[in-house]
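> Fold the following.
(chains A, B and C)
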Amino acid sequence: MKSYRKELWFETVTRRAFINITGQIENCLYESRIQNGLLLCNAMHITASVFINDDEAGLHHDFEVWLEKLAPEKPYSQYRHNGFEDSADAHIKRTIMGREVVVAVTDGKLDFGPWEQIFYGEFDGKRRKRVLVKIIGE
Amino acid sequence: MKSYRKELWFETVTRRAFINITGQIENCLYESRIQNGLLLCNAMHITASVFINDDEAGLHHDFEVWLEKLAPEKPYSQYRHNGFEDSADAHIKRTIMGREVVVAVTDGKLDFGPWEQIFYGEFDGKRRKRVLVKIIGE
Amino acid sequence: MKSYRKELWFETVTRRAFINITGQIENCLYESRIQNGLLLCNAMHITASVFINDDEAGLHHDFEVWLEKLAPEKPYSQYRHNGFEDSADAHIKRTIMGREVVVAVTDGKLDFGPWEQIFYGEFDGKRRKRVLVKIIGE
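The predicted structure is shown next:
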């Protein structure tokens, strides 16, 4: 069994952002030389997500509007977590969007359907944060 | 390390449906001859889910009602994604229900608690769509 | 390839509770002697979750309030599942919080960011229920 590990770093200029990281994950897989196995990609921070969906700006806008309705950022005082912080909404938004994805690796490629793309979802940005890529297989 | 891969195809007659696929996944595991490892089962489409819950019609009705309240299908114009499509609600519903499950394989069986069943969740059906089963282990 | 399996049992005194199980999972990993691989931790019951977030009481209170707003426990009659049971809200809450986490194992440790902690989320407690830990690797 082979294994591979890499951290990817991100720093968004806005509090919230969706970044397509599929190309970077494909580079990791290529570097790993693993042909067959499982790839885990997870946010290493608890106010960020990794998820799979469509790379379409309208949908990303819909997600932003929908998440703000479900777990609004403000007023900060509505959350008990926000005593010394203002990130409670980000913890909740990340929960909805998910921490991680597990992707099959087949013939050295991400074994994806036609429209699957991997995104980093930032909900408390403006600082350097990490994503972990771990691949095991042969 | 052994690995196994199979695609399962579905075509629902309704836009939304939940299908119990546990038996089909068990057949895959049997075919794989893997005794010990991890099984990944994921929707290959971004408007469908794979999730684990109870095989009870009342609960499935509750999920349908609850998802429609959280992310209603109509009016289509409420979503920016729906310029050329009408599937924005399906992308959001699939996000809530999840893309994938990872299941332990022990002694050649799905290592499940008493009521765990695997479902395909369709949110934009009436066409052929796929689920991926990938198993690694020994 | 090595593999390891263990069940962890919980019985909460309240219907809902969040329990930090990171230490117990670290003990499992130590026992497994696996240095490199993937660790799956999942609820074996469909009214409970395993998830990763912050070990902060204010945030846990925020989750409780938010989940009760999204899928209220009462009135029980609002859910069709509640013919012979009262657990429909627990099935929905567990869906939001997630069934499982997959964690990278590197150098014999959970490969975590600074604040990641693993929780058992109970939504229909007051009875003995199980979590499964499965580790594969080398």
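
> touching chain C at all, whichever strand or helix holds A:L132?
A:L132 belongs to strand A:129-137 when elements are defined using DSSP states H and E. Yes: Strand A:129-137 is in contact with chain C by CB under 8 Å from any CB of the partner chain, via A:R130, A:L132, A:K134, A:I136. Heads up, the C-betas are built off the backbone N, CA and C, glycines and all.

> at contact distance from chain B, anything in that strand?
Yes: using CB under 8 Å from any CB, strand A:129-137 reaches chain B at A:I136, A:G137.

> JSON lines for the residues of strand A:129-137 next to chain C, including pLDDT and neighbour count?
Output for the residues of strand A:129-137 next to chain C, formatted as JSON lines (pLDDT from 0 to 100; neighbours: other CB atoms under 10 Å in any protein chain shown):
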{"residue": "A:R130", "pLDDT": "98", "neighbour count": "16"}
{"residue": "A:L132", "pLDDT": "98", "neighbour count": "22"}
{"residue": "A:K134", "pLDDT": "98", "neighbour count": "26"}
{"residue": "A:I136", "pLDDT": "98", "neighbour count": "28"}
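
> Can you show me the strands along chain A?
Counting by DSSP state E, chain A has strands at residues A:2-10, A:17-20, A:37-43, A:48-53, A:100-106, A:109-110, A:117-122, A:129-137.

> ok, for the residue of chain A found nearest chain C, nearest residue in space, not its chain neighbours?
Chain C sits closest to A:M44 of chain A, with a gap of 2.9 Å, by CB to the nearest CB. Excluding the flanking residues, the one nearest A:M44 by CB to CB, 6 or more residues apart in numbering or on different chains is C:G113, at 2.9 Å.

> again with A:D107
Nearest to A:D107 is A:Q35, by CB to CB, 6+ apart, at 6.2 Å.

> what's the burial count for the one you found?
A:Q35 has 15 neighbouring residues, counting by other CB atoms under 10 Å in any protein chain shown.

> Kindly provide the distance from it to B:V133.
Distance check for A:Q35 against B:V133: by CB to CB, to the nearest Å, it reads 18 Å.

> my guess is the residue of chain A closest to chain C contacts A:R128, does it?
No: checked against CB atoms under 8 Å, the pair A:M44 and A:R128 is beyond contact range at 11.1 Å.

> So what pairs up with A:K134 in the strands?
Beta-bridge partners for A:K134, by DSSP bridges, are A:R5, A:L40.

> who's in contact with it?
A:S3, A:Y4, A:R5, A:L39, A:L40, A:C41, C:L38, C:A104, C:T106, C:D111 (CB atoms under 8 Å, 6 or more residues apart in numbering or on different chains).

> What of A:E138?
A:M1, A:K2, A:I34, A:Q35, A:N36, A:G37, B:M1, B:S3.

> Which one (most neighbours) among those?
Neighbour tally across the contacts of A:E138 (other CB under 10 Å): the maximum, 25 neighbours, falls on A:G37.

> Help me confirm that that one comes into contact with B:I136.
Yes: taking contacts as CB under 8 Å, A:G37 lies within contact range of B:I136: 5.9 Å.

> separation between the closest residue to chain B within chain A and A:N53?
Chain A approaches chain B most closely through A:G113 (2.9 Å), counting by CB to the nearest CB. Look at A:G113 and A:N53: by CB to CB, they are 12 Å apart.

> Overlap of the contact sets of the two?
Joint contacts of A:G113 and A:N53 (CB under 8 Å, 6+ apart) are B:I46.

> Counting neighbours, go ahead and name the busier of these two.
Using other CB under 10 Å, the more surrounded residue of A:G113 and A:N53 is A:N53, with 23 against 17.

> Please report how far the residue nearest to that one when sequence neighbours are not counted lies from B:I19.
Of all residues not flanking A:N53 in the chain, B:I46 sits nearest, at 5.0 Å (CB to CB, 6+ apart). Separation of B:I46 from B:I19 (CB to CB): 18 Å.

> of these two, who's got more company?
Higher neighbour count among B:I46 and B:I19: B:I46, with 26 against 15, using other CB under 10 Å.

> wait, what's in contact with the residue most central in space within chain A?
For chain A, A:V50 is the residue whose C-alpha lies nearest the centre (CA atoms, centre = their mean; 1.8 Å). Shown in contact with A:V50 (CB under 8 Å, 6+ apart): A:21, A:41-43, A:98-101, A:118-121, A:131.

> Turn the residues you listed into a markdown table, including pLDDT and neighbour count.
Shown next, in a markdown table, are the contacts of A:V50 (pLDDT from 0 to 100; neighbours: other CB under 10 Å):
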| residue | pLDDT | neighbour count |
| --- | --- | --- |
| A:I21 | 98 | 20 |
| A:C41 | 98 | 28 |
| A:N42 | 98 | 27 |
| A:A43 | 98 | 27 |
| A:G98 | 98 | 21 |
| A:R99 | 98 | 25 |
| A:E100 | 98 | 23 |
| A:V101 | 98 | 21 |
| A:I118 | 98 | 25 |
| A:F119 | 98 | 22 |
| A:Y120 | 98 | 22 |
| A:G121 | 98 | 25 |
| A:V131 | 98 | 25 |
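
> for those, which one is nearest B:K93?
The closest of these to B:K93 turns out to be A:G98 (CB to CB; 14.0 Å).

> Do I have it right that the closest one meets A:N42?
No: contact criterion CB under 8 Å: A:G98 and A:N42 do not qualify, at 9.1 Å.
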